[in-house]
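Asker: model this:
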Amino acid sequence: MAVDLFSDVLKLVDGLRGFELVASLARFHRVQGGDDIVVAVEHVGQVLEELGVEVRLEVFRGPLGLGEFWGFGEPRGWRLGGGRVEVWEDVGGWKTVASVEDTPLTVVVHSPPGSVEERVRLAAEPADAGEDDIVVSPEFDAYKYYRFAERGVTGIIGTHRGPGVRYWGLFPAFFIEEPRVPAVSLEYNTAMNLVGKRVRITVESEYHGFPSTPILVARVGPEGAPCIALYAHACHPRPGAHDNASGVAVLVEALYALKELLGRDSWFSVCGIVVPEYTGSMAVFAQHIVDPQEVVAAVSVDMVAADLAATGGSLHLVASPLPLASPLDPLLDVFLGHVEGYAGFEFYSVGSDHDVTISLGIPGSMVNEWPDRYYHTSLDEPGNLSAERLRATAAAIAAAVAALARLGPEKAAKLAGLWARHQASKLSARAYAGEPLDMTAAAELEKLAVEHASTRIKALASGGQPEPPWPFEFELSLRAPMSKLYLYAHRHVEAYRELLKALEDDREKVLQRLLVLGSGTASRRVVELYARGVLGLKHAEKKADLVVKALTAKPQQRAASGKHEG
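Answerer: Numbers count the residues shown, from 1 in each chain. Next comes the predicted model:
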């Protein structure tokens with residue numbers, strides 16, 4: 001049955017058409033807060049309409065106020081005019097070593113304008129920098145930017161040890177002061193060769209108070225039914241092919257196939273959502289474009305269809321966390337098995353739009369390829385993708401959704417319960433192999449997941465409001481994901497200072513997982529069970545307490561000075 005359905009769906013999708021869409025999107029500098037992201041999403045809408053898919057496109061202009069609901073914020077509006085890095089040579093004077101004519105990534109996304117000139121100093125951490133320095137920062141990131149700025153540096157050169165020019169975004173949200181220090185990004189050898197030399201950084205850019213946030217929702221299937229939400233974020237700088245023009249193209253092809261596959265009697269519809277990552281997903285729900293109480297399950301399609309020989313990595317299904325078991329995950333696991341390079345499912349990890357849906361109590365998973373040697377660099381080009389794998393991935397996702405529709409809600413609920421048991425059996429095998437997992441906690445999570453799937457899916461299918469089988473133990477003040485930048489800007493709040501310090505040592509992002517799960521369940525007990533049974537954490541009680549403390553803190557309480565430092 002699975003093979004036949006996959007073969008039938010494969011006939012409906014077109015890998016070359018999808019590849020052409022990737023190539024079109026890769027021409028745009030699709031940064032959040034910029035203008036090209038709107039043009040790119042409008043183009044996606046036009047493609048869908050040409051394929052006969054119903055589309056709703058809204059462009060919100062100005063602040064969205066996401067920081068009132070999540071520990072996150074949309075950036076200011078930003079336009080890039082130009083930028084370059086020059087080095088002084090005794091013979092010949094100033095010589096340009098990099099400019100936006102080479103790649104727009106030469107200017108760090110959201111960098112403020114400015115022209116600074118100084119001898120360059122190497123500074124691995126902000127504490128290594130001095131006032132008025134221009135610093136080279138290996139393994140730079142946005143959080144370091146604001147801490148460098150606080151040290152009084154006048155310019156920042158970010159770099160990384162991999163190939164190409166690295167992408168970073170500063171995401172200057174409205175709740176922080178406008179950045180003042182120009183920042184650029186250079187290839188590693190170029191950046192390191194500037195240490196000790198006199199350098200001039202020039203950035204031509206501007207901020208404005210009306211960033212545009214495009215939100216595209218395409219629906220197929222019966223009106224008024226609950227929906228499966230399929231996400232693909234359209235943002236990231238030029239070229240941004242694998243991340244994530246590929247996901248958008250796969251989503252478009254999957255929606256076209258589902259238009260043909262879902263009948264009027266289907267028990268759910270499908271919402272295809274194309275937005276800027278995180279901020280757009282949050283806005284979909286904050287602006288009531290999609291009702292979270294109507295979403296059966298969500299899937300983020302993020303970095304797919306690569307030529308794996310070029311990029312490295314493999315295809316994974318990142319499953320929704322227990323106890324929010326998704327009825328779609330076991331079917332995705334089956335049908336993705338028809339795609340070359342599929343390595344199976346993994347337990348929940350953070351990093352894409354599925355985090356937003358989980359934070360709302362919606363089962364959320366991600367289809368993703370990792371690692372990618374060109375991730376977030378100027379070398380993430382369409383030539384690294386495979387039209388054939390694009391076609392197969394779109395067919396697999398569409399087939400999984402179609403198979404779930406054919407099952408009906410009763411069998412879908414049972415399937416989600418079986419999937420929860422399957423995950424529990426994987427945890428048992430890991431514990432037997434020596435991992436410090438608490439199998440009593442895992443068994444309790446399994447039981448909650450089975451009960452939750454049964455009641456939730458049946459309630460949604462009948463038009464009712466599902467209630468989880470665990471009590472709400474605390475009232476949320478903000479939802480995760482919570483960015484380090486948000487916590488840093490609000491560090492006058494004790495809980496946020498404590499969480500920020502813990503996150504700085506949390507390389508596996510286990511706390512972020514617990515924060516998202518705590519947001520979606522409002523249950524300290526569930527958070528502790530997950531910490532014990534799935535993550536095998538020491539001091540699980542303290543981790544759960546910290547999560548509750550952070551999610552219930554009152555961010556509107558300001559420091560005595562009233563100043564938000566950036």
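Asker: From now on I want contacts and neighbour counts done on CA atoms only, so please keep to that.
Answerer: OK.
Asker: what's the neighbour count on the closest residue to Ala392 other than its chain neighbours?
Answerer: Excluding the flanking residues, the one nearest Ala392 by C-alpha to C-alpha, 6 or more residues apart in numbering is Val339, at 5.8 Å. Val339 has 19 neighbours, counted by other C-alpha atoms under 10 Å.
Asker: could you list every residue that touches Val339?
Answerer: The contact partners of Val339, by C-alpha atoms under 8 Å, 6 or more residues apart in numbering, come to 389, 392-393, 396.
Asker: That one and Thr393: what is the separation?
Answerer: 6 Å (C-alpha to C-alpha, to the nearest Å).
Asker: ok, back up a step: distance of the residue nearest to Ala392 from Tyr496?
Answerer: 43 Å.
Asker: wait, doesn't Gly77 sit right on Thr213?
Answerer: No - judged on C-alpha atoms under 8 Å, Gly77 makes no contact with Thr213 at a distance of 9.7 Å.
Asker: thinking again about what came up before, now the contacts of Val339 as TSV including neighbour count and pLDDT?
Answerer: As requested, those are exported to TSV (neighbours: other C-alpha atoms under 10 Å; pLDDT from 0 to 100):
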residue	neighbour count	pLDDT
Arg389	20	99
Ala392	26	99
Thr393	32	99
Ala396	28	99
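Asker: who's in contact with Gly152?
Answerer: Gly152 touches 130-133, counting by C-alpha under 8 Å, 6+ apart.
Asker: any idea which of these is closest to Met303?
Answerer: Among the contacts of Gly152, Asp133 lies closest to Met303 (C-alpha to C-alpha), at 37.3 Å.
Asker: residue contacts, the closest residue to the closest one other than its chain neighbours?
Answerer: Counting by C-alpha to C-alpha, 6+ apart, Asp133 lies nearest to Val153, which is 4.7 Å off, once chain neighbours are set aside. Residues counted as contacts of Val153 (C-alpha under 8 Å, 6+ apart) are 129-135, 181.
Asker: Mind doing that once more with 10 Å?
Answerer: 126, 129-135, 145, 147, 181-182 (C-alpha atoms under 10 Å, 6 or more residues apart in numbering).
Asker: From the residues you listed, keep the buried residues only.
Answerer: Using 16 or more other C-alpha atoms under 10 Å as the burial test, these include 126, 129-130, 132-135, 145, 147, 181-182 as buried.
Asker: In helices only, show me the residues you listed.
Answerer: Of the positions in the buried ones among the contacts of Val153, 145, 147 sit in helices, assigned by DSSP state H.
Asker: can you count the residues close to the closest residue to Leu10 other than its chain neighbours?
Answerer: Leaving aside its chain neighbours, Leu10 sits nearest to Ala395 (5.2 Å; criterion: C-alpha to C-alpha, 6+ apart). Number of residues near Ala395 (other C-alpha under 10 Å) recorded here: 34.
Asker: count of neighbours near Phe69?
Answerer: For Phe69, using other C-alpha under 10 Å, the count is 15.
Asker: Quick check: it vs Leu511, distance?
Answerer: In terms of C-alpha to C-alpha, Phe69 sits 19 Å off from Leu511.
Asker: Next: Gly82.
Answerer: For Gly82, the distance to Leu511 - C-alpha to C-alpha - is 39 Å.
Asker: if you count what's nearby, which of the two comes out ahead?
Answerer: Leu511 (20 against 16).
Asker: From Gly280, how far out is the more buried one?
Answerer: Remark: distance between Leu511 and Gly280 (C-alpha to C-alpha) = 23 Å.
Asker: Which parts of the stretch 151-300 of the chain are strands?
Answerer: 155-159, 183-185, 198-208, 212-220, 227-233, 269-275, 295-302 (DSSP state E, counting those that start in this stretch).
Asker: which helices and strands does the following helix or strand past the last one pack with?
Answerer: Sequence order places helix 308-311 as the next helix or strand after strand 295-302, per DSSP states H and E. Helix 308-311 sits against strand 364-370, with contacts defined as 3 or more C-alpha pairs under 10 Å, 6 or more residues apart in numbering; DSSP states H and E.
Asker: quick one: the strand it packs on to strand 295-302, angle?
Answerer: 10 degrees (axes from the mean of the first three to the mean of the last three C-alpha atoms, to 10 degrees).
Asker: and strand 364-370 with strand 227-233, angle?
Answerer: Using the same axes, to 10 degrees: strand 364-370 against strand 227-233 is 30 degrees.
Asker: So for strand 364-370, what gets flagged as buried?
Answerer: Under 16+ other C-alpha under 10 Å, the buried positions of strand 364-370 are 364-370.
Asker: can you check stretch 430-446 too?
Answerer: So, applying 16+ other C-alpha under 10 Å, buried residues of stretch 430-446: 431, 436-439, 441-446.
Asker: May I see those arranged in TSV, with distance to His316 as well?
Answerer: Shown next, in TSV, are these (distance: C-alpha to C-alpha, whole Å):
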residue	distance to His316
Ala431	22
Pro436	24
Leu437	23
Asp438	25
Met439	25
Ala441	26
Ala442	23
Ala443	25
Glu444	26
Leu445	23
Glu446	22
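Asker: farthest-separated two in those residues?
Answerer: Pro436 and Glu446 (17.7 Å).
Asker: residue ranges for the helices of the stretch 301-450 of the chain, please.
Answerer: 308-311, 329-335, 354-359, 387-432, 439-461 (DSSP state H, counting those that start in this stretch).
Asker: For Glu177, find the nearest of these.
Answerer: Nearest of these (C-alpha to C-alpha): helix 354-359, 25.8 Å.
Asker: Thr440 and Leu448, how far apart?
Answerer: Counting by C-alpha to C-alpha, the gap from Thr440 to Leu448 is 13 Å.
Asker: cool, and Ala23?
Answerer: For Ala23 relative to Leu448 (C-alpha to C-alpha), the value is 45 Å.
Asker: And for Val13?
Answerer: On the measure of C-alpha to C-alpha, Val13 and Leu448 end up 38 Å apart.
Asker: Between the two, which is the more surrounded one?
Answerer: Neighbours were counted for Val13 and for Leu448 using other C-alpha under 10 Å; Val13 has more, 25 against 21.
Asker: Assign that one to helix, strand or coil.
Answerer: State at Val13, reduced to three classes by DSSP: H, G, I helix; E, B strand; the rest coil: coil.
Asker: try Arg56
Answerer: Secondary structure of Arg56, per three-state DSSP, is strand.
Asker: nearest spatial neighbour of it, skipping sequence neighbours?
Answerer: Val217 (5.2 Å).
Asker: The one you found: neighbour count?
Answerer: By other C-alpha under 10 Å, 22 other residues sit near Val217.
Asker: for it, what are its contacts?
Answerer: 45, 54-58, 229-231, 270-275, 284, 289-290.
Asker: Kindly recompute the last result at 8 Å.
Answerer: Per C-alpha under 8 Å, 6+ apart, neighbours of Val217: 55-57, 271-274.
Asker: for Asp265, same thing?
Answerer: Pro222.
Asker: From Arg456, how far off is it?
Answerer: Asp265 is 20 Å from Arg456, by C-alpha to C-alpha.
Asker: same question, Gly383
Answerer: Gly383 is 43 Å from Arg456, by C-alpha to C-alpha.
Asker: Which one's more surrounded, these two?
Answerer: Arg456 (22 against 15).
Asker: what pLDDT does the more buried one get?
Answerer: For Arg456, the pLDDT comes out at 97.
Asker: wait, doesn't it sit right on Pro468?
Answerer: Yes - counting by C-alpha under 8 Å, Arg456 sits close enough to Pro468 to count as a contact (7.4 Å).
Asker: quick one: terminal-to-terminal distance for stretch 162-171?
Answerer: 23 Å.
Asker: And stretch 262-281, what's buried?
Answerer: 262-263, 266-281.
Asker: For Ser326, state which of the buried residues of stretch 430-446 is nearest.
Answerer: Among these, and counting by C-alpha to C-alpha, the member closest to Ser326 is Glu446, at 12.6 Å.
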